[in-house]
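*Asks:* Following is a predicted model, sequence given first.
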Amino acid sequence: MYIKALSLTKRNLSLINDLANVWQKSVKATHLFLSTKDIEELRPEVIAGLKQIPILLVAFSDDDEPIGFAGIAEQKLEMLFISPDYFNHGLGYKLISIAINDYHIIYVDVNEQNPHALKFYQRQGFVIFNRSDLDSANRPFPILYLKKC
């Protein structure tokens, strides 16, 4: 397993689609508050985000298959998703460590209804500093805003 930072020019449609599939599998396993329809509606937003996020860290299996990713804009972790086959293998920790140490992130948002993600970020030293009843698209998914201590 290895992690690469991919510039905008290194992201082809095949990779974007593979990463969107990783996102979808991860969300189905962790975001139990989302319906199948919600996930289908969010997928185009995820694809757009993967195409334009300034810093994209991609984790690959030994077979060169994408198995996880983290997206960073300025000092904020905008996305971190891992294929369920690689849960509890330290991959999330590796991605967040690179994001913190190499890209100096200090902010991350997390769905309030995803307590495992909240605990993960809290273990990395993030604390809640704000909350919203709605997500950034005004959907009824409460968001917790975290900052690194």
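*Replies:* Received the coordinates, thanks.
*Asks:* Can you classify Asp63 as helix, strand or coil?
*Replies:* Three-state call for Asp63 (DSSP: H, G, I helix; E, B strand; the rest coil): coil.
*Asks:* Glu41 versus Leu95, what's the distance?
*Replies:* According to C-beta to C-beta, to the nearest Å, Leu95 and Glu41 sit 26 Å apart. From N, CA and C alone the C-beta is placed, and that goes for glycine too.
*Asks:* can you give me the helices in this structure?
*Replies:* For the chain, helices defined by DSSP state H occupy the ranges 13-30, 36-52, 91-103, 115-123.
*Asks:* Using the centroid of the chain, identify the residue furthest from it.
*Replies:* Distance from the C-alpha centroid of the chain peaks at Asp63, with 21.8 Å (C-alpha atoms, centre = their mean).
*Asks:* Of all the helices of the chain, which one is nearest Lys76?
*Replies:* Closest approach to Lys76 among those (C-beta to C-beta): helix 91-103, 9.5 Å.
*Asks:* what's in contact with that closest one?
*Replies:* With contacts defined as C-beta atoms under 8 Å, 6 or more residues apart in numbering, helix 91-103 is touched by 1, 3, 55, 57, 59, 67-70, 72, 75, 77, 80, 82, 105, 120-121, 124, 148.
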